[in-house]
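Colleague: Provided below are the primary sequence and the corresponding predicted coordinates.
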Amino acid sequence: GENVEQHPSTLSVQEGDSAVIKCTYSDSASNYFPWYKQELGKGPQLIIDIRSNVGEKKDQRIAVTLNKTAKHFSLHITETQPEDSAVYFCAARNSNSGYALNFGKGTSLLVTP
Amino acid sequence: DVKVTQSSRYLVKRTGEKVFLECVQDMDHENMFWYRQDPGLGLRLIYFSYDVKMKEKGDIPEGYSVSREKKERFSLILESASTNQTSMYLCASTHQGAVSEAFFGQGTRLTVV
C-alpha cells in the first residue's frame, strides 16, 4: 500500500519567517495530495490540495509544490503568524484503489512572536 | 455549515467493555472513515465504508468492527476494549470523487482503564 513519509516532525520558526514541510510517497499512481491543519482539540481541516497534473498551487500565504518524478510534495507557509501554530499532515490518495487518504505522521509547527 | 459530528468528546471505559463510537455527517457523503490518531504515528485508517452496509478494512482493523446501517451514520465498535486502544479516534467523510475533500469530526478521546 501507499507509504507517506513526512519531515520534520517538529518545526519552530520566528513570526514572519517561512516554514517548509516535506513529504514523500511510495505509490506512483497516487494522484491527489491534500494538506490538513489540526489545531488543539479539533479535527484536521483541509488547507490546500494539489492534483497530480499540477506542479504548484498557491492560496495567499500557503503554497504546495509537487514533483511527480521524485514522488515528493511540500507545503510552504510564508510570513508565518502565531495562529499558524498547529500540527500539519500531508496525505496521498490513489483514486484508482479507493478513496481513503494515507497520512504522514504530522509536523508540529510552532511560530514564536 | 457542513458537519461531521462525533457523539462524544471524551470517553472512559473499562477493559473488556464493548464500546460504541458514533459518527454522523449531514453532507450526504457516500464515503465514511474511522482513523486512530496517536502521538508520533499520525492518522491510521481502521475501517471505511463506501456505501450503506458496506465496509472495508483499513490498515489496523484488529480489535474493531464497524456498522453502517444508514448513509449518514458510521459506528466504530470495540468488541472488548483493551488499554492499547486508548487513543484519539477521528471520523471523516467524503463524496465519491478522485479529489473530494475529507471532512473530519472533532475527535473522541477514548481512555480504557
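Modeller: Cool, the structure landed.
Colleague: now the helix or strand encompassing B:Arg109: buried residues?
Modeller: B:Arg109 is part of strand B:108-112 when elements are defined by DSSP states H and E. Residues of strand B:108-112 classed as buried: B:108, B:110, B:112 (neighbour count, 16 or more other CB atoms under 10 Å in any protein chain shown). Every residue, glycine included, has its C-beta placed from N, CA and C.
Colleague: any idea which of these is closest to chain A?
Modeller: B:Thr108 (10.2 Å; CB to the nearest CB).
Colleague: tell me if I'm right that the closest one and B:Met88 touch.
Modeller: Yes: judged on CB atoms under 8 Å, B:Thr108 makes contact with B:Met88 at a distance of 7.2 Å.
Colleague: what do these two both touch?
Modeller: Common contacts of B:Thr108 and B:Met88 (CB atoms under 8 Å, 6 or more residues apart in numbering or on different chains): none found.
Colleague: near chain B, which residues of chain A?
Modeller: Neighbours of chain B within chain A, by CB under 8 Å from any CB of the partner chain: A:1, A:6, A:9, A:31-32, A:34, A:36, A:41-46, A:49, A:51, A:89, A:93, A:95, A:98-106.
Colleague: just the buried residues of the residues you listed.
Modeller: A:6, A:31-32, A:34, A:36, A:43-44, A:49, A:89, A:93, A:95, A:99-106.
Colleague: what's the nearest residue to residue 53 if we skip its chain neighbours?
Modeller: I went with chain A, as the question did not name one. Counting by CB to CB, 6 or more residues apart in numbering or on different chains, A:Asn53 lies nearest to A:Asn31, which is 8.0 Å off, once chain neighbours are set aside.
Colleague: right idea, wrong chain: chain B
Modeller: Per CB to CB, 6+ apart, closest to B:Lys53 is B:Arg68, 6.3 Å.
Colleague: local confidence estimate at that neighbour?
Modeller: Looking at B:Arg68, its pLDDT is 97.
Colleague: unless I'm mixing things up, it is touching B:Lys55, no?
Modeller: Yes: using CB under 8 Å, B:Arg68 is in contact with B:Lys55, at 6.5 Å.
Colleague: got any residues that touch both of the two?
Modeller: Common neighbours of B:Arg68 and B:Lys55 (CB under 8 Å, 6+ apart) are B:Ser49.
Colleague: more crowded one of those two?
Modeller: The residue with more neighbours, out of B:Arg68 and B:Lys55, is B:Arg68; 20 against 17, by other CB atoms under 10 Å in any protein chain shown.
Colleague: before we move on, what SS does that one have?
Modeller: strand (DSSP: H, G, I helix; E, B strand; the rest coil).
Colleague: show the contacting residues for it.
Modeller: B:32, B:49, B:51-55, B:74-75.
Colleague: which parts of chain B sit against chain A?
Modeller: B:4, B:31, B:33, B:35, B:40-45, B:48, B:50, B:56, B:58-59, B:90, B:92, B:94, B:96, B:98-102, B:104-107.
Colleague: which residues of chain A score low on pLDDT?
Modeller: Across chain A, nothing is flagged by pLDDT under 70.
Colleague: where along it do the strands fall?
Modeller: A:4-7, A:10-14, A:19-25, A:32-38, A:45-51, A:56-59, A:62-67, A:72-77, A:86-92, A:102-103, A:107-112 (DSSP state E).
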